[in-house]
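In: Below are the sequence and a predicted model for it; my questions follow.
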Amino acid sequence: ATTGEDDAHIWQDAISLIGAAYQQRAGLTEETAQLSEEALDRARLTISAHMQRHHRQYVSNLGWMANRLSLLTAGLLTALDESEIYTVLAQHLPGMDIHHALIGLYEPEEDDPTAWSVLRDVFTPGQPAVRQFSREFPPRALVPYEQPFHLALIPFARQSGQPGYVVFDSGHIDQYGAIVQQVGGALNTARLYREATEGRRLAEEANRMKSRFLSVIGHELRTPLNLIVGLSEMVLKSSDEADPLLPDATQKDIERIHTYSQHLGGLIGDVLDLATSDAGQLRLNNDYVELGQALQIIAESGRQLAADKGLGWQAELPETGPWIWGDRMRLRQVALNLINNAVKFTEQGSVS
């Protein structure tokens, strides 16, 4: 009986030597020579049949192992954190006749990028990780010293971006390279996903802080500004009704204060809109609005802005109507922004 491919080759060589010895032996009868040749032929056929069975078994084992590796790869491709990676390995490695595996990840210290190793047992995920100097491998906590052992350490490929290695027993050394390549890629994917998730969380937190800051600052500015607008409007109205009137220079100064405070109020409104829109809280307060009356105050602000830049100003608004359905404040903001841009980018002439 033969037990393996190497034994089969040995028997093939032995049969060839026996056949050559019989041919060289003197005094053999023709019948004896024929019988010996037939026996050798039968032995060759038996060995050949065994080698064919062994090859078929080897090919079958390769296909089965490739299938198990494909299942392992598919599981690792869907793992987005280290715990999921350990779960996939613990599920699939026993099916590949691998029952001992440790994953070691390097931690740097000063100028040594591999000073420390953090080791986790794949098959006991609840066990805490072992951290030790890399040069003191293997750790007593994971490898019993009282028994002989053989270990295979396979490093992660540099392309995986994950510094470390995987520790196996020495039983299936030909399978470990492909397994470690997949594990290294999965660990790198998990690291990138963790960094992306953390970056997104920080970005969202920064955005919330920005919105809160804009909202607080906007309200803090709007309160005194409303007081300036109200007081300047009261002075202008009382001046129109008073006798004698305010001096022309004082009147223009107060009108300028009133106009620019309204303009600044619009800018602050834009800041508040930005904060509320980022927070998902921007709302429209729709109502019936008389367009001419709503835009009259904006036209006055535009006249003052144009005059301060030495530009002409022309505004034609109806005394009454038309009526529209919309948000009065948003309408004024849009119109004031358009006028402000027109004045800003007009060097000479007029704005209408």
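Out: Great, that's in hand.

In: Are we agreed that P113 is in a strand?
Out: Yes - counting by DSSP: H, G, I helix; E, B strand; the rest coil, P113 is part of a strand.

In: Thought G164 was touching it, still the case?
Out: No - with contact defined as Cβ atoms under 8 Å, P113 does not reach G164; the gap is 10.9 Å. Bear in mind the C-beta positions are built from the backbone N, C-alpha and C, glycine included.

In: Identify the contacts common to the two.
Out: Residues touching both P113 and G164 by Cβ atoms under 8 Å, 6 or more residues apart in numbering: Y106.

In: Out of the two, name the residue with the larger neighbour count.
Out: The neighbour comparison of P113 against G164 (other Cβ atoms under 10 Å) goes to G164, with 21 against 11.

In: What degree of burial does Y106 show, as a neighbour count?
Out: Neighbours around Y106, by other Cβ under 10 Å: 19.

In: Am I right that it falls within a strand?
Out: Yes - judged by three-state DSSP, Y106 forms part of a strand.

In: Need the contact partners of stretch 165-179.
Out: Under the criterion Cβ under 8 Å, 6+ apart, residues 65, 69, 72, 93, 96-104, 119, 138, 149-156, 180, 183 lie in contact with stretch 165-179.

In: What segments of the stretch 251-352 of the chain are helices?
Out: Under the criterion DSSP state H, counting those that start in this stretch, helices of the stretch 251-352 of the chain are mapped to 291-308, 328-344.

In: swap that for the stretch 51-200 of the chain, please
Out: Using DSSP H, counting those that start in this stretch, helices in the stretch 51-200 of the chain cover 82-92, 173-241.

In: any idea how far the residue most central in space within the chain is from L202?
Out: By Cα atoms, centre = their mean, the chain has its centre lying nearest to A196, at 3.4 Å. Going from A196 to L202 by Cβ to Cβ, to the nearest Å gives 11 Å.

In: about what we covered before: mind putting the helices of the stretch 51-200 of the chain into a markdown table with distance to G321?
Out: Listed next are the helices of the stretch 51-200 of the chain as a markdown table, based on distance: least, Cβ to Cβ, whole Å:
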| stretch | distance to G321 |
| --- | --- |
| helix 82-92 | 67 |
| helix 173-241 | 24 |
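
In: among those helices, which is the most enclosed?
Out: Highest mean neighbour count among these (mean count of other Cβ atoms under 10 Å): helix 82-92, with a mean of 18.

In: So what's the residue count around the nearest residue to A307 once chain neighbours are set aside?
Out: Computed as Cβ to Cβ, 6 or more residues apart in numbering, the closest residue to A307 that is not its neighbour in sequence is W313, at 6.7 Å. By the criterion of other Cβ under 10 Å, W313 has 18 neighbours.

In: That's all I had, so thanks and see you.
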